[in-house]
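> This is a predicted model, with the sequence first.
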Number of protein chains: 2
Amino acid sequence: MKRNVLIIGAGGVAHVVAHKCAQNNDILGDIHIASRTLEKCESIVGSVRQSESLAANGELQAHSLDAMDIAAAEALIRKTGAEIVINVGSAFVNMSVLSACISTGAAYIDTAIHEEPSKVCETPPWYANYEWKRRGECERAHVTAILGAGFDPGVVNAYARLARDEYFDRIDSIDIIDINAGSHGRYFATNFDPEINFREFTGRVWSWQEGKWISNRMFEVGKEWDLPVVGRQKAYLTGHDEVHSLSQLLGVPTVRFWMGFGEHYINVFNVLNNLGLLSEQPLTTAEGLEVVPLKVVKAALPDPSSLAPGYKGKTCIGDLVRGVKNGQEREIFIYNVADHEEAFKEVGSQGISYTAGVPAAAAAILVATGRWDIGRMANVEELPPRPFLGLLGQLGLPSHISEGEDDRELLFP
Amino acid sequence: MKRNVLIIGAGGVAHVVAHKCAQNNDILGDIHIASRTLEKCESIVGSVRQSESLAANGELQAHSLDAMDIAAAEALIRKTGAEIVINVGSAFVNMSVLSACISTGAAYIDTAIHEEPSKVCETPPWYANYEWKRRGECERAHVTAILGAGFDPGVVNAYARLARDEYFDRIDSIDIIDINAGSHGRYFATNFDPEINFREFTGRVWSWQEGKWISNRMFEVGKEWDLPVVGRQKAYLTGHDEVHSLSQLLGVPTVRFWMGFGEHYINVFNVLNNLGLLSEQPLTTAEGLEVVPLKVVKAALPDPSSLAPGYKGKTCIGDLVRGVKNGQEREIFIYNVADHEEAFKEVGSQGISYTAGVPAAAAAILVATGRWDIGRMANVEELPPRPFLGLLGQLGLPSHISEGEDDRELLFP
């Protein structure tokens, strides 16, 4: 049984992870939160204490850490006695945090693929550029490393695995659809780190179609979907982490990711992108200051966690899976609907942070209880989906399945 | 007779001023160009030499100068023997350059009101905040200082004075309308320094209506005008330098400035402005770098002088004046139409730089020949308009008048 958790990062997702870990600290043990800015960690600790949600007595501590510094991360893992590290910091720190886990023997969990600050839109499959190169290291060190254990990637990978195991003899296509039908009431904001958010769209957009990588421009391919609860919504073909792992690990010929965008978002994105303000490459001002425009845009935009109090409406994220079962063509949609206001009531966060953070905490619980403590590196679709999806139902993210006229909650007794 | 000119600045307007001064160096003497970046000055010198337009033998030299440094500016004025300084650098350097002129006795000419980097939209009338406080200094030193001698402000002020002197017994309103019906073919660009351009619109927009200052938001008040050559065009109430001087110096109850904008410009402006990216106040990035967003936007946008080669179409800028003459209501429009391609053919610049730069060179010629060498500070509407407008006709900016069905060129024999 692994215990004691170190959460790296102090943004909106970290806030949710901390709350959910605290609600389960009878299983997880001490909870530590570390990021570059100590005050942000302290604010999360304060929020958890105020909610009085700790399931048992135990440590709950904030720490300052530059997670790019492997030695500092190792020292903090040792000092806190953490056996599970949940990395929900910037996607730039994945490899350094993983290194610290491998050298200390701590389990590693993240929710997004590694990125290098100076590169966008690398060669597919993205996981092969950084994470999968280190499978051998993890295996030799018997270190559990669970990649992409948020909602998407994460829960949607488990949906895909569940579909393959239980609903299909052959899957022809998986379309992952992510719709946020909520409204934050601001002129413009991204729902998670603007830097990571925009980097998904400024380069080429990769999808896996009929066994080949296809590249498009962002917003080039759009499609209206009619989904449970949120209704008809326009979504666009987008590059996303899980396309890169599912295409390689499940043997499905077509995997696409569709993200919903309103016209206003697209307009703002296009203006900023066309002006070069979303570039990760530095420019020099007339005064000689070198600066990355995207980092300035990030600083100007609202902090995603600040959106929580006024956020209204629901999200719907799921996998539309098409294939054959018992010789019959079949189409199912496995999905979750989350509510921004309910997330705020429970943990003080908006729904996007909630859906990304709860699964990471669930993964930690499964590692702590041994169900997912596999002593090697794995993406979520390589792990048994039932314990994960069952636990998520208990933690606030129930799964549903819709097939033809039938629509019901999925239970995992 | 004052001779030898020092041009401060090396942007698009300075380029035009240098060409026009060179074409008249038989009157103006040596021509010196100074700015922070020596290479930009050298590039202008190269362009002038290539055009072989020098009217006589004489010096044509580039210099490096930080125009915020009064002592350095004084030293350069003395070293070059310049008796006329044409300040077409950033609007932030006006006061330091004026100081250097007062202490050395050189005549001072500029084309835009002084601005402090950290302030936008100061209390009207703007000239009273900086320039007019120094009228006494100029008078005591017998220094000629001509404020706002571009097109708008500048030529439009002379049009207003001409209207008062020759066309009206009483003026009720002056509407200055500035339409650029040209196209540069880029996604987005400003026609002069983006920093100065955007600063005009991010704060409140002041107009002088029935003897009172009225403040609006930018793009709050729009109106379609039907103008010669460029036709029907939408323009918006904008704060502009000349509203601040004309309101005080001509005794006209209503002075408004209208600038034409297309929907695309307004959309880009609104996105950037609503996101806070046009702010002159510094923000701090997640990495701790302090940076003024507006300066980053400026660095990302095309250099206005780079627009010249592909620029097509025409500008129309003029004064719509309403009032009474001989007991009859009267309405006239005094205006100029300039052509981007013709400006490029003549001096390698786009039309906006051309219309701003030619009048500054004309003012220098009038100072050199004594017509405008008044030994005190004045806005253009305080000076005799006929020599100025007549000279502009010879230099490439003829004036026209439209009244009812009548439309003709104004000649000043």
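Everything's here; your move.
> for stretch A:285-305, which positions count as buried?
Of the residues in stretch A:285-305, those scored as buried under the neighbour-count criterion (16 or more other CB atoms under 10 Å in any protein chain shown) are A:285, A:289, A:291-302, A:304-305. (Glycine included, C-beta is placed from N, CA and C.)
> typed the wrong thing, it's stretch A:131-141
Using 16+ other CB under 10 Å, the residues of stretch A:131-141 that count as buried are A:131-132, A:134, A:138, A:141.
> Also stretch A:31-50?
Taking 16+ other CB under 10 Å as the basis for neighbour counts, the residues of stretch A:31-50 that come out buried are A:31-36, A:40-45, A:47-48.
> restrict those residues to contacts with chain B.
Among the buried residues of stretch A:31-50, no residue sits close to chain B (CB under 8 Å from any CB of the partner chain).
> Can you pick out the ones from those that are in helices?
Among these, the residues falling in helices (DSSP state H) are A:40-45, A:47-48.
> Dump these into TSV; add pLDDT as well.
What follows is those, written out as TSV (pLDDT from 0 to 100):
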residue	pLDDT
A:Lys40	96
A:Cys41	97
A:Glu42	97
A:Ser43	96
A:Ile44	97
A:Val45	97
A:Ser47	96
A:Val48	96
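> wait, which of those is closest to B:Tyr236?
Of all these, B:Tyr236 sits closest to A:Lys40, with 42.2 Å by CB to CB.
> Contacts only, for that closest one.
Counting by CB atoms under 8 Å, 6 or more residues apart in numbering or on different chains, A:Lys40 makes contact with A:10-11.
> same thing but 10 Å
Shown in contact with A:Lys40 (CB atoms under 10 Å, 6 or more residues apart in numbering or on different chains): A:9-11, A:14-15, A:33, A:62, A:64, A:303, A:305.
> The nearest residue to A:Phe261 once chain neighbours are set aside: what secondary structure?
Leaving out its chain neighbours, the residue that sits closest to A:Phe261 by CB to CB, 6 or more residues apart in numbering or on different chains is A:Tyr236, at 5.8 Å. The three-state label given to A:Tyr236 by DSSP: H, G, I helix; E, B strand; the rest coil is strand.
> Which one of the ones in helices among the buried residues of stretch A:31-50 is nearest to B:Leu277?
Using CB to CB as the measure, the one of these that approaches B:Leu277 most closely is A:Lys40, at 24.1 Å.
> Chain B contacts on the stretch 51-200 of chain A?
With the criterion set to CB under 10 Å from any CB of the partner chain, the stretch 51-200 of chain A comes near chain B through A:90, A:186-189, A:193, A:195.
> Quick one: mark the members of the residues you listed that sit in helices.
Using DSSP H, the subset of those located in helices is A:Glu195.
> Max pairwise distance over the residues of the stretch 51-200 of chain A next to chain B: which two?
Across those, the two members that end up farthest from each other (CB to CB) are A:Ser90 and A:Tyr187, 24.8 Å apart.
> Who are the contact partners of A:Glu169?
Just so we're on the same page, residue A:169 is Asp rather than Glu. With contact set as CB under 10 Å, 6+ apart, A:Asp169 has these partners: A:323-328, A:330.
> By neighbour count, which of those residues wins?
When neighbours are taken as other CB atoms under 10 Å in any protein chain shown, the top entry among the contacts of A:Asp169 is A:Gly323 (21 neighbours).
> Not counting sequence-adjacent ones, nearest residue to the residue of the stretch 51-200 of chain A found nearest chain B?
Evaluated by CB to the nearest CB, the stretch 51-200 of chain A has A:Tyr187 as its residue closest to chain B, separated by 4.6 Å. In space, A:Tyr187 comes closest to B:Asn274 once its chain neighbours are excluded; the distance is 4.6 Å by CB to CB, 6+ apart.
> so what's the backbone phi/psi at A:Leu60?
phi -150, psi 100 (degrees, to the nearest 10).
> Surely it and A:Arg49 touch.
Yes: with contacts defined as CB atoms under 10 Å, A:Leu60 counts as touching A:Arg49 at a distance of 6.9 Å.
> Now list whatever residues contact both of these two.
With CB under 10 Å, 6+ apart as the test, A:Leu60 and A:Arg49 both reach A:Ala22.
> how about the residue nearest to A:Trp126 when sequence neighbours are not counted, what does it touch?
Among residues not flanking A:Trp126 along the chain, A:His244 sits closest, at 4.4 Å (CB to CB, 6+ apart). Contact partners of A:His244, counting by CB under 10 Å, 6+ apart, are A:113, A:122, A:124-129, A:131-132, A:148, A:153, A:206, A:208, A:213, A:255, A:257, A:379.
> now do 6 Å
By CB atoms under 6 Å, 6 or more residues apart in numbering or on different chains, the contact list for A:His244 reads A:124-127.
> Scan these and report the most crowded one.
Within the contacts of A:His244, neighbour counts (other CB under 10 Å) peak at A:Tyr127, which reaches 24 neighbours.
> In a helix, that residue, correct?
Yes: inclusion of A:Tyr127 in a helix is indicated when three-state DSSP is applied.
> Let me know the distance separating it from A:Asn94.
From A:Tyr127 over to A:Asn94 the distance is 11 Å, taken as CB to CB, to the nearest Å.
> thinking again about what came up before, and the contacts of A:Lys40, which is closest to B:Glu346?
Nearest to B:Glu346, judged by CB to CB, of the contacts of A:Lys40 is A:Asp303 at 52.2 Å.
> And stretch A:279-299, end to end?
Using CA to CA, to the nearest Å, the gap from the first to the last residue of stretch A:279-299 comes to 14 Å.
> anything in that stretch near chain B?
Yes: applying CB under 6 Å from any CB of the partner chain, one finds stretch A:279-299 in contact with chain B at A:283, A:285, A:291, A:293, A:295-296, A:299.
> In strands only, show me those.
Filtering the residues of stretch A:279-299 next to chain B for membership in strands, criterion DSSP state E, returns A:283, A:291.
> Please flag which of the residues of stretch A:279-299 next to chain B sit within helices.
Counting by DSSP H, the residues of stretch A:279-299 next to chain B contribute A:293, A:295-296, A:299 to helices.
> where does chain A dip in pLDDT?
Across chain A, residues meeting the criterion (pLDDT under 70) sit at A:120-121.
> Any chance you could list what contacts the helix ranked longest in it?
Across chain A, the longest stretch assigned as helix under DSSP H is helix A:351-368. For helix A:351-368, the surrounding residues in contact (CB under 6 Å, 6+ apart) are A:2, A:5, A:12-13, A:16-17, A:20-21, A:24, A:27-28, A:84, A:86, A:107, A:109, A:111, A:144, A:146, A:149-151, A:154-155, A:191, A:315, A:338, A:340, A:343, A:372-373, A:387, A:391-392, A:395-397.
> returning to that earlier point: quick check: the two most widely separated of the buried residues of stretch A:31-50?
Spatial extent of those (CB to CB) is set by the pair A:Arg36 and A:Val48 at 19.7 Å.
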